[in-house]
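**Q** How does the following fold in three dimensions:
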Amino acid sequence: MKIERTKNTIRNTKWGVSQKIVSILCPFFLRTALIYVLGAEYAGLSSLFTSILSILSLTELGFSNAIVYNMYKPVAEDDEDKICALLNIYRRAYLIIGWVILALGVILIPVLPYLISGDVPADTNLYILYLVYLINTVISYFLFGYKMAILSAYQREDVISKNTLLYNVILYGLQFVVLFAFRNYYAYAIIIPLATVFLNLLNNRAVKKMFPNYKPAGEIDSDTKANLKKSILGIMIWKVGAATRNTLDSIVISMYLGLVAVAMYNNYFYIINGVITFLGVIITSITAGVGNKVATESPENNYKDFHKFHFYYMWISGWCAVCMMCLYQPFMSLWMGEKMMFPDYIMFMFCYYFIMLKQGDINYVYYQATGLWWEGKMRSIIETVLNLILNLILGKYFGVAGIIAATIISFTCIYFYGSKFVFTKYFKNGRLMSFYVDNCIYLGTIAGAGIITFIITKAITNAIDFNIIGESSIVLILCVLIPNIIFAVVYSVGKQQRCYIRGVYNKLLRKSN
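**A** Reported below is the predicted structural model:
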């Protein structure tokens, strides 16, 4: 079956953006209501449970990515039998993974009180609430979570986005009603696993309707099985670092500083995660198309796309980072009040953390599409161990700032090492140093644009007495103009980047006419 990459990317982006807007705004309002109605401790408790169960879910990391990767070629060749066989092994693996996560979750129950500094809310049973979150985590493994691989392999994430959009509206709508009607955290929490069951049924119905011939049946050949095992282990190791960054931070903060500090940290991280989620629409929309193109076209053609995608993505991510620098603290003051705010220097650390994460996203898309997880396995082992050690040491002496610094240091140390494999194993064009230079230019330009924009916005807002709406409007206008002008001037020095800028300008000019 021929995949219409451009059409699917546009469709995935459209629905992905809609779904992400809802998935960002609804939890934002819900988290706000939870803190004001029940207290920051409840938001901290929710974040702690989510972090613990994210660690347990590392059991699954690698399998879904490996299955989708191995589906790219049979999808391109219309090999129905192989797709069904892969789906069959995916279903069996998900059942095993579900039971493993459930068992590990139950084993952790006696440890829960030691992960919290101070007391939990008096009217809650820590163990019952934890079990509710644990059940929600394993539901998809026992139902139809494995079927999402088909939609991803065919670049139909728009279907997943539509169903998730409906799920979010129902889930958050019911939680709002229950929270204000009963002011009871148990009633609030029990809705989550019920909504997850509904989402699984919805996704299963969509897959059966779109791909009725694909059912889990048959066995894969020995070569595919060997490659699959290697891919799974490589991905699992590789993704441990990414999955443990924020989760380790939240757990260590809870151990040292308590649930209120966890809530404050996650309030800030919620903003970062919201922007990351929005940018993730771009990554998700192009991933299957890149995988299909890697399977059908030359590395040289794919390198041209890689370079172009990375440039555009760093521009967008850099602009988001500058906006965060200028708008973070005013927004947090308006949202949570000064008592729930960190100092400016911690806010700047969050912004740097964000742009470092985004710097590797396009590289990861091609890393995933070319199946190079095994080659980069040491990257995540080093990052995870270093992050944990630094968290425990720096967190003890420097609190939240030390914990964020630990994550930044560990990620920065392994970034350049982990980035090389796509160039040395797939592109093989000797342009690795050029990639490093480009990234340094992007980081330096973003930092410079951020500092200049921050200073100008501060000077103007301090000099003129605006109300909150006027101040926000002025800052937003300056954040749109200043960094983008700086990016355009600096990036146009490079010949290839200048062509990309000119291409976007010409497209916008044609549309305006």
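
**Q** so who does the nearest residue to Leu108 once chain neighbours are set aside touch?
**A** Closest residue to Leu108 apart from its sequence neighbours, by C-beta to C-beta, 6 or more residues apart in numbering: Ile52 at 6.9 Å. The C-beta positions use only the backbone N, C-alpha and C, and glycine is treated the same way. Ile52 is in contact with 108, 115, 130, 247, 251, counting by C-beta atoms under 8 Å, 6 or more residues apart in numbering.

**Q** Just give me the closest of those to Tyr491.
**A** Ranked by distance to Tyr491 (C-beta to C-beta), those are led by Thr247 at 35.2 Å.

**Q** Next, find the distance separating that closest one from Gln368.
**A** According to C-beta to C-beta, to the nearest Å, Thr247 and Gln368 sit 21 Å apart.

**Q** Give me the more crowded residue out of the two.
**A** Neighbour comparison, Thr247 and Gln368: the larger count goes to Gln368, with 23 against 20 (by other C-beta atoms under 10 Å).

**Q** Name the helix or strand for the more buried one, please.
**A** Per DSSP states H and E: Gln368 is located in helix 361-369.

**Q** Tell me the first helix or strand C-terminal of that helix.
**A** With elements assigned by DSSP H and E, the helix or strand that comes after helix 361-369 is helix 377-419.

**Q** ranges for the helices of the stretch 201-350 of the chain?
**A** Along the stretch 201-350 of the chain, counting by DSSP state H, counting those that start in this stretch, helices occupy 222-257, 259-296, 299-336, 344-359.

**Q** Would you mind putting those helices into JSON lines with distance to Leu394 alongside?
**A** Output for the helices of the stretch 201-350 of the chain, formatted as JSON lines (distance: least, C-beta to C-beta, whole Å):
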{"stretch": "helix 222-257", "distance to Leu394": "9"}
{"stretch": "helix 259-296", "distance to Leu394": "14"}
{"stretch": "helix 299-336", "distance to Leu394": "22"}
{"stretch": "helix 344-359", "distance to Leu394": "12"}
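
**Q** quick one, which of the ones you listed is nearest to Ala33?
**A** For Ala33, the closest of the helices of the stretch 201-350 of the chain is helix 299-336, at 11.9 Å, according to C-beta to C-beta.

**Q** what helices or strands is the closest one leaning on?
**A** When contacts are defined as 3 or more C-beta pairs under 8 Å, 6 or more residues apart in numbering; DSSP states H and E, helix 299-336 packs onto helix 5-37, helix 259-296, helix 344-359, helix 361-369, helix 432-463, helix 468-491, helix 495-512.

**Q** looking at the ones you listed, which is closest to Lys229?
**A** Among the helices and strands packed on helix 299-336, helix 361-369 comes nearest to Lys229, with 17.3 Å by C-beta to C-beta.

**Q** who does the closest one touch, helix- and strand-wise?
**A** Applying 3+ C-beta pairs under 8 Å, 6+ apart, one finds that helix 361-369 contacts helix 63-76, helix 259-296, helix 299-336.

**Q** My understanding was that Val207 contacts Leu151; is that so?
**A** Yes - taking C-beta atoms under 8 Å as the definition, Val207 is a contact partner of Leu151 at 6.6 Å.

**Q** one step back: the helices and strands packed on helix 299-336 into TSV, with extra columns for mean pLDDT and distance to Asn391?
**A** Shown next, in TSV, are those (pLDDT from 0 to 100; distance: least, C-beta to C-beta, whole Å):
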stretch	mean pLDDT	distance to Asn391
helix 5-37	73	24
helix 259-296	79	12
helix 344-359	90	13
helix 361-369	80	23
helix 432-463	88	24
helix 468-491	86	32
helix 495-512	68	37
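
**Q** of these, which approaches Val159 most closely?
**A** Smallest distance to Val159 across those (C-beta to C-beta): 8.2 Å, for helix 5-37.

**Q** Give me the below-cutoff pLDDT ranges for the stretch 51-200 of the chain.
**A** Counting by pLDDT under 70, the stretch 51-200 of the chain has low-confidence residues at 54-67, 69, 117-120.

**Q** Would you map the helices across it?
**A** Going by DSSP H, counting those that start in this stretch, the stretch 51-200 of the chain shows helices at 63-76, 80-107, 126-142, 148-153, 157-182, 185-210.

**Q** Compare those and give me the one nearest Tyr426.
**A** That would be, of these and by C-beta to C-beta, helix 63-76, which comes in at 13.2 Å.

**Q** still on that earlier bit, just name the closest of the contacts of Ile52 to Cys326, please.
**A** Among these, and counting by C-beta to C-beta, the member closest to Cys326 is Thr247, at 28.8 Å.

**Q** Chain neighbours aside, what residue packs nearest to that closest one?
**A** What sits nearest to Thr247 in space, not counting adjacent residues and going by C-beta to C-beta, 6+ apart, is Ser51, at 4.0 Å.

**Q** which ones are touching that neighbour?
**A** Contact analysis of Ser51 by C-beta under 8 Å, 6+ apart lists 246-248, 250-251.

**Q** Looking at pLDDT only, which of the residues you listed scores worst?
**A** Here the lowest pLDDT out of the contacts of Ser51 sits on Asn246, with 63.

**Q** Same list (the helices and strands packed on helix 361-369) but as JSON lines, adding mean neighbour count.
**A** Below are the helices and strands packed on helix 361-369 laid out as JSON lines (neighbours: other C-beta atoms under 10 Å):
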{"stretch": "helix 63-76", "mean neighbour count": "22"}
{"stretch": "helix 259-296", "mean neighbour count": "21"}
{"stretch": "helix 299-336", "mean neighbour count": "19"}
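
**Q** Next, format those as CSV and append distance to Phe348.
**A** Listed next are those as CSV, based on distance: least, C-beta to C-beta, whole Å:
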stretch, distance to Phe348
helix 63-76, 33
helix 259-296, 11
helix 299-336, 7
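
**Q** Which one, of those, ends up nearest to Asn203?
**A** When the helices and strands packed on helix 361-369 are compared by C-beta to C-beta, helix 63-76 sits nearest Asn203, at 13.5 Å.

**Q** Look up how far Ile403 lies from Leu248.
**A** The spacing between Leu248 and Ile403, counted by C-beta to C-beta, is 9 Å.

**Q** list the residues that contact both of these two?
**A** Asn391.

**Q** Compare those two (neighbour count), which wins?
**A** Neighbours of Leu248 and Ile403, each counted by other C-beta under 10 Å, are more numerous for Ile403; the result is 27 against 24.

**Q** Might you report the residue contacts of the more buried one?
**A** 249, 252-253, 265, 391, 394-395.

**Q** tell me the least confident of those residues?
**A** Minimum pLDDT across the contacts of Ile403 falls on Asp249, with 77.

**Q** out of everything not next to it in sequence, what's closest to that residue?
**A** Spatially, and ignoring its direct neighbours in sequence, Asp249 is nearest to Ile403 (5.1 Å; C-beta to C-beta, 6+ apart).

**Q** what's the distance between the one you found and Gly470?
**A** From Ile403 across to Gly470, the span is 36 Å (C-beta to C-beta).

**Q** From Ile408, how far out is Ile170?
**A** Distance, Ile170 to Ile408, by C-beta to C-beta: 38 Å.
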